[in-house]
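**Q** Predicted coordinates and the sequence they were generated for:
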Amino acid sequence: MRLRLFSPTFFFLSHLRLIRRPASSRFYAVSAFNPNLSDSEQQLVNHPNLSKLNQASLQRFLNSTRDDPNLALSFLEQLKQHGVSPNVNAYATLVRILSTWGLDRKLDSVLVELVQNEERGFTVMDLIEVIKEEAEEEVLIRVSGALVKAYVSLAMFDEAIDVLFQMKRLNRVPSIKSCNFLMSRLIEFGKTGMVVALFRQLKQLGLCPNEYTYAIVVKAFCRKGDFEGAVKLLLESPTVFAYKTLIDGLCANGQTEQAVVLIKKLIDEKVLSGDDLRFAFSMVVRGFCNEMKTEAAESVILEMERNGFDPDVFACSAMIVRYCKDMNLTEALGFLDLMLGKGLKINCVIVSSVLQCYCKMDMCLEAFEKFKEFSGMNIFLDRVCYNVAFDALGKLGRVEEAVKLLQEMMDKGMVPDVINYTTLIDGYCLQGKVVDALDLINEMSGNGIYPDLITYNVLVSGLARNGYEKEAQEIYKRMKAEGLKPNAVTHNVIIEGLCSARKVEEAEGFLRSLEQKCPDNYASLVKGYCESGLSKKAYKQFVRLERPLSKSVYNKLFFSLCMEGYLDKALDVLKIMWAYRVEPGRSMCGKMIGALCEINNVREAQLLFDTMVERGLIPDLFTYTIMIHTYCRLNELQKADDLFEDMKQRGIKPDVVTYTVLLNSYQKLDPETGSVQGEEQKKRVSEFWRKFTAAGIGLDVVCYTVLIDRQCKINNIEKATKLFDRMIESGLEPDMVAYKTLLSGYFRRGYIDKAVALVTELSKKDILLTGHFGDSVKHAALKLKRLQQNQE
DNA sequence: ATAGGGTTAG
């Protein structure tokens, strides 16, 4: 093949080479014409058998490519493909070419490969030596820096540090940039001690740390928790940059309070202002948020505003994420509005946090609605946001829509990950559509995304819960075959799942078959027994369990026992919890008190109530009201009164129910005579009524009914009628009890025409006269007829 | 600069 030097193609190529090209990925065929080679060499290069190329020719060829780094690279590539290991000189030439062309990224990758290749037949230092002898000073510095970088990116820190010292041996000063890079990565790997040690040796190396160096080392000190060291170092070179790093370090290491003190000082000294100050404030907000000091974070926001800064995206994001984690949706949404009002950009992290908050608060429908709202707001929603939407839809039993949403997500160019698939699989399982769940497993694998431990846990749980025992076992085997190690969750979900599918024996068998059992598995069996309505059996097993136990076991067992009517055992569970210092929580005690009250065991209820108070667990409004109600029912008015005062003193505001319960018992008639009690009672009733109205609580139907009943009983039918009308005027819809109360008042006192009117009114209403309600009205109408007939 | 998603946790 002869060279046609002036052929149009060649001209074009050589012309191109005059232009400094950025590193491109374009592959250059080695067979490109090269004017610097002899014919035989050119042929050698073109010939597939590159191994015949001797080092001298190779070197000559490489030298000839100095104007075309891409050609040099692809030549090297082809050599390697043909099993030829270029020697140190070849590498030196290549590296020099790349370096002078400023192709740093390519240089980096060549060196990474070189460092990884153990068959290279020369040391990395040999390469440095050759470059030192043959290349410009600048190239040497550049290459050594790149070498440090290469080692660092492979986490070979000792080797990287060695390069630095070798440079010193060669009387060269390595670039500060590569040192900074090395130290940054050391921090990422948690090797903060090495950073500090290295920094101390920098001067020995003849290096002059720049402000980045200081910042990095300050960061290292912070990571170590050595804030004193950080401050000491910072004072050597107190730049704003370093201060910002220190503030960041303090905030990221649980020392936000200290950061605040520092910031105040820096404001006074006029070191921090403008954007730097805003940055510092945002850091502090985030710090407090991470430390779960929400109020402190709020006050920093106010402080920011006092300093003339509107809270920015970072501060707002941190607040929203915090509030979402606290499940304080109101405040989270408040900040969201604030951001929207100020035109700050809402990002997908905020969106996913808010959506997730809705889900966690059992408001999946709202979560999905919000998702759609955000979708229409020109905010980029990533797969995390989509995932929360999948989850919400799945929990709403609308997994098909979730799958459609997955398609929408993919249409937008997003690639679903294992979590997306797992969420959808869970959605299918929740609806018992295990076949679809299994299909999805295949589909994801087909897309190169493989189920992980959690995916299998979800699947195996779904299979077990839906009674597919064999299939669950099969998947269990399959995951093990795929090298995934089932964990306690895997076993627990199978045990609990099988139980809730009423396959209790299978669950017991599975537990028995496990080689490695843990106490947790037995706890799951207890929960499983509860699930299948065997709370007595659960209790028996529970007593034998090792402690401590997770709260969920107590919870489940307790509520099952309550539901199945084993109150004594439920109470035992509660007492055991206390004995093991597991906080039963307000709702649990409340439930127990409610259950005891229901069977009129107010003594035991009171004991529990007192224990709650003793343990600092203040009973809620409901519990107080239940207790008061019970005392009223049992005619222990003094006790009811005492509790009423007690709750008010604790700042728990009685509601309309509490007042009604008490009012009802205050105005009770004399149980002996069935008539109105004395003046004293009248006084007490009106006194109580005064308190009631003073509390500014709106009356409800039940309360009106109680009042109407009272008026009927004391023969004040006019007032009863007025109350009834007022109830309707105030927008309340009387229920069956209200009608019945007034009607029976009319009957008893012989107000037949009023009764007729009321029944007529009632019949005009489009209320279906069925069930209890209908019966009683029909009963009233019949009675009415009879009465009218009698009168005639 | 930064934060967020999937299995038991009722």
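**A** Received it, and whenever you're ready, just let me know what you need.
**Q** Run through the residues that contact residue A:340.
**A** residue A:346 (C-beta atoms under 8 Å, 6 or more residues apart in numbering). In this view, the C-beta of every residue, glycine as well, is placed from N, C-alpha and C.
**Q** immediately after the helix or strand hosting residue A:133, which helix or strand?
**A** Element membership for residue A:133 (DSSP states H and E) is helix A:124-134. Downstream of helix A:124-134, the next assigned helix or strand under DSSP H and E is helix A:137-153.
**Q** For the stretch 401-550 of chain A, which segments count as helices?
**A** A:418-430, A:434-446, A:453-465, A:469-481, A:488-500, A:504-513, A:519-531, A:535-544 (DSSP state H, counting those that start in this stretch).
**Q** So the first one, near DNA strand B or not?
**A** Yes: for helix A:418-430 and DNA strand B, the contact criterion (C-beta under 7 Å from any atom of the strand) is met by A:418-420, A:422-423, A:426.
**Q** just for chain A, where's the confidence low?
**A** Across chain A, the ranges flagged by pLDDT under 70 are A:1-53, A:669-677, A:766-778, A:780-781, A:783-784, A:787-788, A:790-792.
**Q** How is it partitioned into domains?
**A** By the assignment in automatic domain parsing, chain A contains the domains A:585-698, A:701-709+A:721-792.
**Q** what angle sits between the helix holding residue A:133 and helix A:137-153?
**A** Relative orientation of helix A:124-134 versus helix A:137-153 (axes from the mean of the first three to the mean of the last three C-alpha atoms, to 10 degrees): 170 degrees.
**Q** right, so of the domains of chain A, which gets closest to residue A:123?
**A** Within those, the stretch nearest residue A:123 is domain A:585-698; the backing value is 66.3 Å (C-beta to C-beta).
**Q** outside of the helix holding residue A:133, which residues touch it?
**A** Identification of contacts with helix A:124-134 by C-beta under 8 Å, 6+ apart yields A:88-89, A:91-92, A:95-96, A:114-115, A:139-140, A:143-144, A:147, A:159, A:163, A:166-167, A:170, A:172.
**Q** can you pull out the helices in the stretch 601-750 of chain A?
**A** Under DSSP H, counting those that start in this stretch, the stretch 601-750 of chain A gives helices at A:602-614, A:621-633, A:637-649, A:656-666, A:679-694, A:701-713, A:717-729, A:736-749.
**Q** tell me the phi and psi of residue A:209?
**A** Phi and psi for residue A:209, reported as degrees, to the nearest 10, are phi -60, psi 140.
**Q** check contacts around it.
**A** With the criterion set at C-beta under 8 Å, 6+ apart, residue A:209 makes contact with A:176, A:199, A:202, A:217, A:237.
**Q** would you list those residues in CSV and tack on secondary structure?
**A** Formatted as CSV, the contacts of residue A:209 follow (DSSP: H, G, I helix; E, B strand; the rest coil):
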residue, secondary structure
A:176, helix
A:199, helix
A:202, helix
A:217, helix
A:237, coil
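**Q** Out of those, who's the most crowded?
**A** Neighbour counts for the contacts of residue A:209, by other C-beta atoms under 10 Å, peak at residue A:217, which reaches 29 neighbours.
**Q** hang on, isn't it packed against residue A:199?
**A** Yes: between residue A:217 and residue A:199 there is a contact under C-beta atoms under 8 Å: 4.7 Å.
**Q** of all the helices of the stretch 601-750 of chain A, which lies closest to DNA strand B?
**A** helix A:621-633 (16.1 Å; C-beta to the nearest atom of the strand).
**Q** Not counting its own residues, what contacts the closest one?
**A** A:586, A:589-590, A:593-594, A:597, A:600, A:602, A:605-606, A:609, A:619, A:637, A:639-640, A:643-644, A:646-647, A:652-655, A:657-658, A:661-662, A:664-665.
**Q** The residues you listed: which ones sit near DNA strand B?
**A** Answer for those near DNA strand B: none qualify (C-beta under 7 Å from any atom of the strand).
**Q** Narrow those residues to just the buried residues.
**A** A:589-590, A:593-594, A:597, A:602, A:605-606, A:609, A:619, A:637, A:639-640, A:643-644, A:647, A:652, A:654, A:657-658, A:661-662, A:664-665 (16 or more other C-beta atoms under 10 Å).
**Q** For the stretch 251-400 of chain A, which residues are neighbours of DNA strand B?
**A** A:278-279, A:282-283, A:286, A:312-314, A:317-318, A:321, A:347-353, A:356, A:382-385, A:387-388, A:391.
**Q** Near DNA strand B, which residues of the stretch 501-650 of chain A are found?
**A** A:520, A:524, A:527, A:550-552, A:555-556.
**Q** Let me see the contact set for the closest residue to DNA strand B within the stretch 1-150 of chain A.
**A** Residue nearest to DNA strand B within the stretch 1-150 of chain A: residue A:149 (19.4 Å; C-beta to the nearest atom of the strand). With contact taken as C-beta under 8 Å, 6+ apart, residue A:149 is in contact with A:108, A:111, A:178, A:181.
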